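J.: Pasting a predicted model and its sequence here:
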Amino acid sequence: MVDQLDPEDMNLELIRQGAETYTHQGNFMIADDMVIKSGPQVRKEVSLRIFPDLETGEVRGRSIKLRGWRALPRRAGGGYDFSKPTYEWSCEDLEIDALREFLNNNIPERGHYRIIPAGGELRDLLSQVEVGEIASADIIRLLQIASSSPDLISELANSQSGALLAEAVELRRRRDQLNELRAIVEDSDSGERADIHPKLKQMGWVFGGQYVGESARKQLTIGDVLDIPLLRADGSLHVVELKSANIPKIIQRHRGPVHPMEVSGIQEELPLIVGSDVHEAVGQAMNYLCHLDEERHRILANLAIDTRRASATVLIGHPKFSASFTKKQVDLTFRLYNSHYSRIEVRHYQDLIECAERSLALAERTAEDDHQHANPSIDDPWADSSEDSWRDPDPDGFSEEPPF
């Protein structure tokens with residue numbers, strides 16, 4: 001029989017005929033057919049038949065059949081003679097499991113999937129995680145396996161627990177980076193180019209949330225190579241100039257009494273100024289900003305970076321290496337020095353690290369609060385309380401100190 005129907009119509013007709021034949025025998029069948037090849041020379045189909053028990057819902061049998069037909073020549077009408085398959089092959093029940101195992105073992109590139117019933121291995125695994133019977137390394141391995149599934153990653157990202165986990169991982173990563181940076185800048189042998197610069201390039205977040213990334217181009221003007229050119233959300237530029245942390249004369253005394261007096265237990269304040277290394281670094285940053293202003297139109301047209309009135313930060317020194325002065329004196333001297341500049345700010349590495357630590361501490365507290373809101377019964381003293389949370393506060397519970 002030569003059938004000139006559309007291939008999709010042929011497929012539907014075959015399914016209908018098979019279902020009717022089996023139903024007429026007093027049974028029920030779920031049929032699913034797929035054309036795996038429909039070319040000018042041959043047509044191949046695979047059919048799956050599932051025989052459920054309508055009363056219990058259990059599957060009583062399964063069958064897979066593969067068939068192929070060769071195309072008829074045009075003089076014979078074309079199309080396919082579905083009454084005479086060129087080849088036919090089938091397997092049932094346990095044979096299907098054996099076939100699936102064979103394909104999983106020999107064609108692993110696309111992966112294979114297992115159905116884990118409720119109350120089975122997955123539930124046991126989750127219960128072990130909850131009571132802490134699984135080592136941290138095993139949990140990390142589970143996350144590594146889960147990362148290979150885009151669907152699972154999407155589900156985790158959309159869940160409250162997944163978001164909290166991602167925040168915790170990122171905060172832990174940033175704290176580790178901060179500890180590594182602290183060790184580098186407090187090492188007297190660390191260098192600006194070999195040690196500090198490579199580490200800070202991985203930590204763009206440490207400069208604050210107003211920057212969205214780093215420019216791929218370091219040389220925007222002739223002869224000037226910027227250490228870390230940061231970009232703001234509006235496309236404008238901020239230059240970070242890095243200097244060594246080990247600078248003993250980061251500040252110095254300028255004139256003033258040789259022997260400071262002590263009045264009412266407070267020592268006379270010394271007139272301090274920044275050292276020559278700071279002046280040279282700021283002068284270098286000034287030249288960068290001057291050249292960026294002069295080349296603004298060319299840089300904006302070619303690189304889409306707005307350098308008009310760009311700003312700069314000079315990172316230099318560490319109070320640890322300033323044996324003659326305290327951190328408080330260094331901070332005060334830098335603050336007075338910065339008050340006379342509008343486009344350049346001078347900071348030392350300890351200030352940068354401490355600011356980043358405070359930001360991380362705030363983020364961690366926020367994450368803990370979010371976790372408390374998501375799980376109010378965890379460490380929440382009011383979770384099981386019958387007291388009115390909207391009652392008037394107890395005046396005795398407030399400090400007598402003013403809020404500011």
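T.: Alright, I've got the coordinates.

J.: For H197, which non-adjacent residue is closest in space?
T.: In this structure, H197 finds its nearest non-sequential neighbour in L242, 5.6 Å apart by C-beta to C-beta, 6 or more residues apart in numbering. Quick note: C-beta positions are derived from backbone N, CA and C, even for glycine.

J.: Also P229?
T.: Spatial nearest neighbour of P229, excluding adjacent residues (C-beta to C-beta, 6+ apart): S215 at 4.1 Å.

J.: give the contact list for the residue nearest to H197.
T.: Taking C-beta atoms under 8 Å, 6 or more residues apart in numbering as the criterion, L242 is in contact with E192, I196, H197, L200, D227, I228, L315.

J.: now that we have those residues, which one has the most neighbours?
T.: Neighbour counts for these (other C-beta atoms under 10 Å) peak at L315, which has 26 neighbours.

J.: returning to that earlier point: and for the residue nearest to P229, the neighbour number?
T.: S215, neighbours per other C-beta under 10 Å, totals 16.

J.: Surely it and S236 touch.
T.: No: using C-beta atoms under 8 Å, S215 makes no contact with S236, being 11.0 Å away.

J.: coming back round to it: can I get the contacts of L242 in a markdown table with distance to R172?
T.: Formatted as a markdown table, the contacts of L242 follow (distance: C-beta to C-beta, whole Å):
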| residue | distance to R172 |
| --- | --- |
| E192 | 28 |
| I196 | 22 |
| H197 | 24 |
| L200 | 19 |
| D227 | 27 |
| I228 | 24 |
| L315 | 25 |
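
J.: which ones among the residues you listed are found in strands?
T.: Among the contacts of L242, DSSP state E puts I228, L315 in strands.

J.: closest to L270 among the contacts of L242?
T.: Distance to L270, by C-beta to C-beta, is smallest for L315 among those, at 24.9 Å.

J.: related to what we said a few turns ago, among the contacts of L242, which has the minimum pLDDT value?
T.: Minimum pLDDT for those is recorded at E192 (88).

J.: Contacts only, for it.
T.: E192 is in contact with L242, K243, S244, counting by C-beta under 8 Å, 6+ apart.

J.: circling back: now the residue nearest to P229: how far from D187?
T.: S215 sits at a distance of 29 Å from D187 (criterion: C-beta to C-beta, to the nearest Å).

J.: repeat for S322
T.: Noted for S322: a distance of 16 Å to D187, by C-beta to C-beta.

J.: Those two: who's more crowded?
T.: Counted by other C-beta under 10 Å, S322 and D187 do not tie: S322 has more neighbours, with 21 against 13.

J.: Next one, pLDDT for the spatially closest residue to that one that is not a sequence neighbour please.
T.: Closest residue to S322 apart from its sequence neighbours, by C-beta to C-beta, 6+ apart: I250 at 5.1 Å. Looking at I250, its pLDDT stands at 94.

J.: same deal with D33?
T.: What the model reports as pLDDT for D33 is 81.

J.: Tell me which strands the strand or helix carrying it pairs with, and in which orientation.
T.: Per DSSP states H and E, D33 falls inside strand 30-38. If you go by DSSP bridges, strand 30-38 pairs up with strand 42-52 (antiparallel).

J.: What does the residue lying closest to D306 once chain neighbours are set aside show for phi and psi?
T.: In space, and not counting its chain neighbours, D306 is closest to S236: 4.6 Å by C-beta to C-beta, 6+ apart. The phi and psi values for S236, taken as degrees, to the nearest 10, are phi -80, psi 170.

J.: same thing with the one 3 residues further on?
T.: Here is the backbone geometry of V239 (degrees, to the nearest 10): phi -100, psi 130.

J.: what's near enough to touch the residue nearest to it when sequence neighbours are not counted?
T.: Distance criterion C-beta to C-beta, 6+ apart; nearest residue to V239, sequence neighbours excluded, is A312 at 4.1 Å. With contacts defined as C-beta under 8 Å, 6+ apart, A312 is in contact with H238, V239, V240, E241, A285, Y288, L289, R343, I344, E345.

J.: Return the subset of those residues lying in strands.
T.: H238, V239, V240, E241, I344, E345.

J.: so which of the residues you listed is the most crowded?
T.: Among the ones in strands among the contacts of A312, V239 has the most neighbours (other C-beta under 10 Å), with 24 neighbours.
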